[in-house]
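Novice: Kindly generate the corresponding structure for this input.
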Amino acid sequence: MAAMKLKRKLKRMILLCGCTLAIFSVSAFAAHASERQKEDLENIENIDFPPWLREGETDHPEIFSQDSEDKKVVSILSDSLGTYEGYTTWSIYYYYYCSQYMDVSETWWMRYIENNQMRLGVNESLGGSKVAWWEGEPSGYNSKQCMAAEERIARLDDNGTPDIILFFGGTNDIASTPVGEFVPGEGIGNVSEFCSAYQTALARLKEYYPQAEIICLTPYYRDISSWSSSTNEDVDLYADSIVEICQYYGIRCVDLRQSGLDEKEDMCGPDYLHINEKGAYKIWHMLQYDQPVLKSEGIRVLQNDSGTVRAEYLVSGLTEGMEYQWQVYDCSTAAWIYASEWSESNQFEYRPEKSGGYWLYCTARNALGEEASDVAGVTAAVRPVTIEGLSWIYQEDEIQIGAAVSSPDEGTEIRWQSYNLDTLSWNLISDWSSSNWSSWQPKKGNYWLHVEVRDSYGKIVSKTINFAVNRNYPVYINGKYQGPDPSGGGWLIGVSTNINPGQKYRYELLILDCGKYVSGDPHPWIYGTGLQTLDVGSAFWTTWQPPHQGYYWTYFRIYDESGSLIEDQCYGAVFS
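Specialist: Coordinates of the predicted model:
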C-alpha cells in the first residue's frame, strides 16, 4: 500500500514539471516512449522524494488543495481531454492542457466544478489512454493504465471520497479497440473489448463509490481525416454503445454528439481532435444543462410582398427565457435605419419606405445571456400609399368630397380637414375612417381642402387644394321676389330656401330705409316680420306698403330650430 501511494505521489511530482503539448498519434508515441520513464513509474521504492511527496506529508496545494468540507467532491476519469498542467495525476504521457491553451477555469470540468460550487477531488486523466486494454495494445500502456483498470479507479478518492465522478472515455478506443457486444452483467473484468471494458469500468466505479453520482460523456464528432481514417460513423459505433450501457445501468449519459461542437472552429489544430476553449465551453454546457449552447438556425423570410417584409429567427439549444432584437440595414444608404426593442417573439414585420435591398439582422439571447445572431438579405419592391387625386360632387345640402388612393395596405384610413382663409381657422370635416368619401357642409368662402391618408403602420401622406365655396351649406337662399302685389295693397316680397327639414326653420324679413340710414337717423330699420315658421314648403311671403318712394334694403334671415342663424342675404331695392 505504501509503495502504491509513493507511485501516485511521484506521478503528481512529475506533473508539476511543466506544460508539454506533444501531439503524436498513439502508435507514433509508442515508438518514442522512454523505457526508462516506464521503469521509473513501476520501480520507485528507492527514490528520494521531496518532503511534500513523502508518505504522510501534505500533498502539493496546487493539485490537491483542501476546501471546505461542505462542498461536494468531483473526481475525473478521462484521457487527454480531461488533463491540465498541475491538476492531473499523470503528466508524461502523450498530451495535456496548460495555460498556453486556456485557463484552468475554462476547462469543461473545472467550469462545472466552480459553477456548482464544488471542489476537485482527483483528476485521474491520462493522455492517450483507452477504456480498454489488450496484450499488444499499440499505445505502450500496461493493463493498469486503461480507464477500466482497478488501479486508476481506486485513486479517485485520494483527495476525498467523490460525490460525483465524471467519466469521459472512449475517444482513443475509436477504430482501435474492438467494439464487441454489450451483454448486461457479462464480461465484467474482460477489458479487451470496448463494451465489456466500459461495463467493467462502470461496475468498478459503482463498487468503489456506491454513493457517488456517475456521469458519463460520449465521444463527439470530429474531422481528423488529415491524419486518420477514423470517421464519424466510427464515433457513432462507440458512442451508441456508451449510451446503451448507461441506459441499462441507469447512469446519466451526456451525449456530446448533440453538443453542437464545430469540427474545426471548436478544435485545436493541427489534429482537430482536442477541443479549444470554445469547445470546452460547449462540453460544459451539455454537462450542466443537457442542452447545447444557443445556436443560430437562420432567418426565414415569411413574406416579401405588398410592401411588407415578415421574417422569423430560428435558434436551437438552450432556449429558455428567449428574447429577440431586430435591426434593418439599408444597403442603398449603407446605414442602419431601424432597431426594435427586445421582445419574446421571434417574428418581425417591417414596411420599408422605398424599394431596394435591405439586411435583416436579428440577435437572440437566452436566460443565461448566451447570444446568437444571423442576417438575411431581402430585396423589397415597395408600392407606397399615394393620393392620385381629389374629386367632389355638389349636392343640395352638402358637398361630397372623395380621394383616389393607391395603397397595398388594407388598413388604410383617411381624414379630411378644411382651413378657412377668411377666418384663418381649421375645421375637422371627418376623422380617420376607412371610407374614401366624406360630406362637407361649409359656409360660403375660400378654403384649403386638406386630406390625409394613413396606412396601418402609421405612415401618413397628404394633399391640399384650394377650394372656393359660393354658397352656404347645408341651407341657402335659392330664390327671392320683390314686386307689386297683383291683388293690390303694396309690394309682395318673398324668399325661399333649398330645404326646410321638418318645417323647423324660422324665417324673418327686415327692411332698412336707406334715406334714414344715410341721414343718420338712429332708427333706419322700418319693418320686420319677426320669426315665422312655415306649415308647408320652404317659401316665405309678406306684403309691405312703402311709406314713400326710395331706396331700401331687404334683409332675409333663416334660423334653425335651436335659434342659430344659418343663412342670411341682403338685397337692395327701389320701392314706390
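Novice: Show me the helices in the stretch 51-200 of the chain, by range?
Specialist: For the stretch 51-200 of the chain, the helices defined by DSSP state H, counting those that start in this stretch occupy 61-64, 108-115, 150-154, 194-208.
Novice: Can you name every helix or strand that the third one contacts?
Specialist: Put plainly, it is helix 150-154. Packing contacts for helix 150-154, counted by 3 or more CB pairs under 8 Å, 6 or more residues apart in numbering; DSSP states H and E, involve helix 194-208. C-betas here are computed from N, CA, C, even on glycine.
Novice: In terms of secondary structure, what does the helix it packs on contact?
Specialist: Using 3+ CB pairs under 8 Å, 6+ apart, helix 194-208 is in contact with helix 150-154, strand 164-168, strand 213-217, helix 232-249.
Novice: a markdown table please, covering the ones you listed and showing distance to Val122, mean pLDDT and mean neighbour count.
Specialist: Output for the helices and strands packed on helix 194-208, formatted as a markdown table (distance: least, CB to CB, whole Å; pLDDT from 0 to 100; neighbours: other CB atoms under 10 Å):
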| stretch | distance to Val122 | mean pLDDT | mean neighbour count |
| --- | --- | --- | --- |
| helix 150-154 | 10 | 97 | 18 |
| strand 164-168 | 10 | 98 | 24 |
| strand 213-217 | 15 | 98 | 21 |
| helix 232-249 | 22 | 96 | 17 |
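Novice: Reformat the ones you listed as JSON lines; add distance to Ile393.
Specialist: Listed next are the helices and strands packed on helix 194-208 as JSON lines, based on distance: least, CB to CB, whole Å:
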{"stretch": "helix 150-154", "distance to Ile393": "97"}
{"stretch": "strand 164-168", "distance to Ile393": "85"}
{"stretch": "strand 213-217", "distance to Ile393": "81"}
{"stretch": "helix 232-249", "distance to Ile393": "77"}
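Novice: who wins for proximity to Ser125 among these?
Specialist: Closest approach to Ser125 among the helices and strands packed on helix 194-208 (CB to CB): strand 164-168, 8.1 Å.
Novice: starting at the chain centroid, how far to stretch 147-166?
Specialist: 45 Å (CA atoms, centre = their mean, to the nearest Å).
Novice: then that stretch to PDB, C-alphas only?
Specialist: Taking Å, rounded to 0.1, in the frame of the first residue of the first chain, the C-alpha atoms of stretch 147-166 are listed here in PDB:
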ATOM      1  CA  MET A 147      -9.600   3.600 -17.600                       C
ATOM      2  CA  ALA A 148     -11.300   0.300 -16.600                       C
ATOM      3  CA  ALA A 149      -8.200  -0.600 -14.500                       C
ATOM      4  CA  GLU A 150      -8.900  -1.000 -10.900                       C
ATOM      5  CA  GLU A 151      -5.700   0.900 -10.000                       C
ATOM      6  CA  ARG A 152      -6.900   4.100 -11.700                       C
ATOM      7  CA  ILE A 153     -10.400   3.800 -10.400                       C
ATOM      8  CA  ALA A 154      -9.100   3.300  -6.800                       C
ATOM      9  CA  ARG A 155      -7.200   6.500  -7.000                       C
ATOM     10  CA  LEU A 156     -10.300   8.600  -7.400                       C
ATOM     11  CA  ASP A 157     -10.700   9.000  -3.600                       C
ATOM     12  CA  ASP A 158      -7.100  10.100  -2.900                       C
ATOM     13  CA  ASN A 159      -8.400  13.600  -2.100                       C
ATOM     14  CA  GLY A 160     -11.700  12.800  -0.500                       C
ATOM     15  CA  THR A 161     -14.400  10.300  -1.400                       C
ATOM     16  CA  PRO A 162     -16.000  11.600  -4.600                       C
ATOM     17  CA  ASP A 163     -19.700  12.600  -4.600                       C
ATOM     18  CA  ILE A 164     -19.600  13.000  -8.400                       C
ATOM     19  CA  ILE A 165     -17.400  11.100 -10.900                       C
ATOM     20  CA  LEU A 166     -17.100  12.500 -14.500                       C
END
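Novice: Can you give me every residue that contacts the most centrally placed residue in the chain?
Specialist: Centroid-nearest residue in the chain: Tyr324, 1.5 Å away (criterion: CA atoms, centre = their mean). Residues in contact with Tyr324 (CB atoms under 8 Å, 6 or more residues apart in numbering) are 313, 342-346, 348, 362-364.
Novice: Doesn't it lie inside a strand?
Specialist: Yes - assessed by DSSP: H, G, I helix; E, B strand; the rest coil, Tyr324 belongs to a strand.
Novice: So it versus Ser345, what's the distance?
Specialist: Tyr324 sits at a distance of 7 Å from Ser345 (criterion: CB to CB, to the nearest Å).
Novice: do Ile460 as well
Specialist: Distance, Ile460 to Ser345, by CB to CB: 26 Å.
Novice: cool, and Ser259?
Specialist: 28 Å.
Novice: if you count what's nearby, which of those two comes out ahead?
Specialist: Ser259 (26 against 13; other CB atoms under 10 Å).
Novice: Give me the pLDDT value at Phe24.
Specialist: Per-residue pLDDT puts Phe24 at 32.
Novice: Then Gly411?
Specialist: 85.
Novice: if I read this right, it contacts Asp455, doesn't it?
Specialist: Yes - here Gly411 reaches Asp455: they are 6.5 Å apart, a contact under CB atoms under 8 Å.
Novice: Comparing these two, which shows the higher neighbour count?
Specialist: Set Gly411 next to Asp455 and count neighbours by other CB under 10 Å: Asp455 wins out with 19 against 10.
Novice: what residue of the chain is the furthest out?
Specialist: Most peripheral residue of the chain (CA atoms, centre = their mean): Gly488, 91.9 Å.
Novice: what's the domain layout of this structure?
Specialist: As assigned by automatic domain parsing, the chain contains the domains 2-49+70-289, 295-380, 386-469, 477-575.
Novice: chain center to stretch 240-254, what's the gap?
Specialist: Relative to its chain's centre, stretch 240-254 lies at 36 Å (CA atoms, centre = their mean).
Novice: repeat for stretch 414-432
Specialist: Distance of stretch 414-432 from the chain centroid (CA atoms, centre = their mean) equals 43 Å.
Novice: Give me the buried positions along that stretch.
Specialist: 414-420, 429-430 (16 or more other CB atoms under 10 Å).
Novice: Asn466: which of those is nearest?
Specialist: Distance to Asn466 across the buried residues of stretch 414-432 (CB to CB) is lowest for Tyr419, with 10.2 Å.
Novice: Mind giving me the packing neighbours of the one helix or strand the closest one maps to?
Specialist: Assessed by DSSP states H and E, Tyr419 sits inside strand 413-420. With contacts taken as 3+ CB pairs under 8 Å, 6+ apart, strand 413-420 sits against strand 399-406, strand 425-433, strand 437-440, strand 445-454.
Novice: Lys459: how many residues sit nearby?
Specialist: 13.
Novice: what sits against it?
Specialist: Remark: with contacts taken as CB under 8 Å, 6+ apart, Lys459 is in contact with 351, 353, 385.
Novice: again, 7 Å this time
Specialist: Each residue near Lys459 by CB atoms under 7 Å, 6 or more residues apart in numbering is listed here: Val385.
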